[in-house]
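**Q** no sequence for this one, just the structure:
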Ligand code: FEO
Ligand code: CA
Ligand code: CA
């Protein structure tokens, strides 16, 4: 077995150009100085070889727990409903009020970041954990379920609890002895929710596209939601991405809307609410308030160190279903921010700032995100590519083609990208940047419509029709500010029968990606709940996280999640000795794929998973877990 892997790796290395590291690419990686600890990282790189040292774990078939390799420990750390500071405790029957939920962890943890607070010279023993709460399972959030479980009991209080269960958490964490604790009370602790007041900046601020009855000047937006993944800036702020915002708006009639508004709703799939908020909060009725959806689908910046700071929606980065955002610093100090639009046949974008970053810390640098050019990727068949600028008046982004100004181009970034001829991808998800080479890695989670009837068929960047299992690609550029690139398929996921090129442990539907400072690529999977452990997906078991050597391609399974969960969000302390991973929506499927399985309901919320509390009358809870090595060593070694 080992020999097989060795020969596969050899073949891969001879095919792939070996990366050439240089001082300029190190700068290009642009590690935030607040995170840098460059010396430590360099030492780690030199002394800890090979990159992957742990014994991989097997696939988990319907195991309702987190499993990590021998020599590692995973502990539950921060569950939905746990207080962010000295707030109220979680009630296992879900009877916490909306007001209580506001002081507790939201649901459906997603991407996570660690912001060090120096402690006796260490950057790795005290800090802030900041994470997104992407969406909710209303059946579990309330004692008698959501609008679909108890339609006659869908109250304003329930809508508010759902809105408060969305957004972002900031918690303070500290290492005590060899364990980690949440600091309570904490002056840093904070929740952003679907109703938090936010400012808006960039070309769309104040324009007619985002003016509403409640905000006639288009300057104050209430809330952020469906915050899938995130990003950091080199100046130490947090970037929350707004993904499937369309699912929160209801459109019951359209006759009174302009043709432009109607076509915008169509392009952004704004039609039907999955949550029912419009029954109790009118702004989510997009028939009545057609500009309200234009206020979502952005990247939101805030300063996690200042609990009073007002978050700002940065419109120059475009409006689409932002999965996450990753950045690189160019040789001249200008910045690139990469973000993909997670829907079938959507695009990969890159914003290049106009001004250079001066290396200082703090939110005042955020204005660099307000001025610059949003680009979208075209992948040519020969392995080269181009970043196409989305600038009003150029490349057909003109009045004749339905664009009125730059704000229009950004609000309707998808349409602008259509117009300039970007390449439709197989649900592009996370983007991450290699800290040494500056190479950009992007996951394509799946696209079963590829090649169907009138849909685009496979091409070299999306090489499989009916792409059930997904793939990853890499982009190489001279500099962060380059507008041309070379690209390659990194791995085709799935099984050998479907042409998998994974070297080592198998997986399907790559989603979360993060490369640590030692160069390990952490890859997380999102096989959808309806497919998990069933049919041809049963061979991949529960969702998982793998560690990949980006040079050799060798892939080892590091973690498997509980039943029905997605594994999403991972961060490591600068000393690489503590890792946090988020476990999202355990038990999301409606019943287990086994004979005689009971159906999950508001009355039986734990029919499919009872992780992490395992109480007889309990319910599954999304949670952050903390992973350490028994010998206090480097994670992954
Ligand atoms: Fe929220 Fe695209 O995953
Ligand atoms: Ca995701
Ligand atoms: Ca996903």
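**A** Right, received. Where do you want to start? Please read these numbers as outputs of a predicted model, since none were measured by experiment. Ligands and ions are numbered 1, 2, ... in the order given.
**Q** look at the residue lying closest to residue 319 once chain neighbours are set aside and give its secondary structure.
**A** Counting by Cβ to Cβ, 6 or more residues apart in numbering, residue 319 lies nearest to residue 297, which is 4.1 Å off, once chain neighbours are set aside. The C-beta positions use only the backbone N, C-alpha and C, and glycine is treated the same way. Secondary structure, DSSP: H, G, I helix; E, B strand; the rest coil: residue 297 is coil.
**Q** pull up the per-residue confidence for residue 297.
**A** With respect to pLDDT, residue 297 has a value of 99.
**Q** what about it, distance to ligand 3?
**A** In this structure, residue 297 and ligand 3 are 16 Å apart, going by Cβ to the ion, to the nearest Å.
**Q** that residue reaches residue 322, doesn't it?
**A** Yes. Applying Cβ atoms under 8 Å, one finds residue 297 in contact with residue 322, separated by 7.0 Å.
**Q** intersection of neighbour lists for those two?
**A** For the pair residue 297 and residue 322, residues contacting each of them under the criterion Cβ atoms under 8 Å, 6 or more residues apart in numbering are residue 242.
**Q** out of the two, which sits in the busier spot?
**A** Between residue 297 and residue 322, counting by other Cβ atoms under 10 Å, residue 322 is the more crowded of the two (30 against 26).
**Q** mind checking the SS state of the closest residue to that one other than its chain neighbours?
**A** Nearest residue to residue 322 in three dimensions, chain neighbours excluded: residue 241, at 3.7 Å (Cβ to Cβ, 6+ apart). Secondary structure state of residue 241, per three-state DSSP, is strand.
**Q** go on, residue 265?
**A** Following three-state DSSP, the label given to residue 265 is helix.
**Q** OK, contacts around it?
**A** Shown in contact with residue 265 (Cβ under 8 Å, 6+ apart): 251, 254, 257, 271, 286, 290, 293.
**Q** closest one of those residues to residue 508?
**A** Within these, distances to residue 508 taken as Cβ to Cβ reach their minimum at residue 271, with 29.1 Å.
**Q** wait, that closest one sits on residue 253?
**A** No. Using Cβ under 8 Å, residue 271 and residue 253 do not qualify as a contacting pair, with a distance of 11.7 Å.
**Q** once you drop chain neighbours, what's closest to the residue of the stretch 201-350 of the chain found nearest ligand 2?
**A** With Cβ to the ion as the measure, residue 228 is the residue of the stretch 201-350 of the chain nearest to ligand 2, at 4.9 Å. With sequence-adjacent residues excluded and distances taken as Cβ to Cβ, 6+ apart, residue 228 is closest to residue 243, at 3.7 Å.
**Q** that neighbour and residue 313, how far apart?
**A** For residue 243, the distance to residue 313 equals 14 Å [Cβ to Cβ, to the nearest Å].
**Q** which other residues reach stretch 602-610?
**A** For stretch 602-610, contacts defined as Cβ under 8 Å, 6+ apart pick out 64, 94, 139-140, 142-145, 149-150, 562-565, 586-592, 597-601, 617-620.
**Q** drop anything exposed from the residues you listed.
**A** When neighbours are counted using 16 or more other Cβ atoms under 10 Å, the contacts of stretch 602-610 contain these buried positions: 64, 94, 139-140, 142-143, 145, 149-150, 562-565, 586-589, 592, 600, 618-620.
**Q** so where's the stretch 1-150 of the chain shaky on pLDDT?
**A** The stretch 1-150 of the chain contains residues with pLDDT under 70 at 1-48.
**Q** go again using 50 as the cut-off
**A** Flagging of the stretch 1-150 of the chain using pLDDT under 50 yields the residue ranges 1-3, 15-39.
**Q** can you give me phi and psi for the residue of it found nearest ligand 2?
**A** Nearest residue of the stretch 1-150 of the chain to ligand 2: residue 110, at 6.6 Å (Cβ to the ion). With angles defined as degrees, to the nearest 10, residue 110 sits at phi -130, psi -130.
**Q** what lies in contact with the helix or strand harbouring the residue of the stretch 201-350 of the chain closest to ligand 2?
**A** Per DSSP states H and E: residue 228 is located in strand 227-232. By Cβ under 8 Å, 6+ apart, the residues outside strand 227-232 that reach it are 32, 35, 110-113, 130-134, 166-168, 238-244, 299-300, 322-327, 337, 339, 342, 429-430, 512, 568-569.
**Q** just the residues you listed that are near ligand 1?
**A** 134, 243, 323, 342, 429 (Cβ under 6 Å from any ligand atom).
**Q** quick one: contacts for the third one?
**A** Which is residue 323. Contact partners of residue 323, counting by Cβ under 8 Å, 6+ apart, are 228-229, 241, 243, 339-342, 428-431.
**Q** save those residues as JSON lines, and put in distance to residue 544 too.
**A** Conversion of those to JSON lines gives the following (distance: Cβ to Cβ, whole Å):
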{"residue": "228", "distance to residue 544": "19"}
{"residue": "229", "distance to residue 544": "17"}
{"residue": "241", "distance to residue 544": "23"}
{"residue": "243", "distance to residue 544": "22"}
{"residue": "339", "distance to residue 544": "25"}
{"residue": "340", "distance to residue 544": "21"}
{"residue": "341", "distance to residue 544": "25"}
{"residue": "342", "distance to residue 544": "20"}
{"residue": "428", "distance to residue 544": "21"}
{"residue": "429", "distance to residue 544": "16"}
{"residue": "430", "distance to residue 544": "15"}
{"residue": "431", "distance to residue 544": "20"}
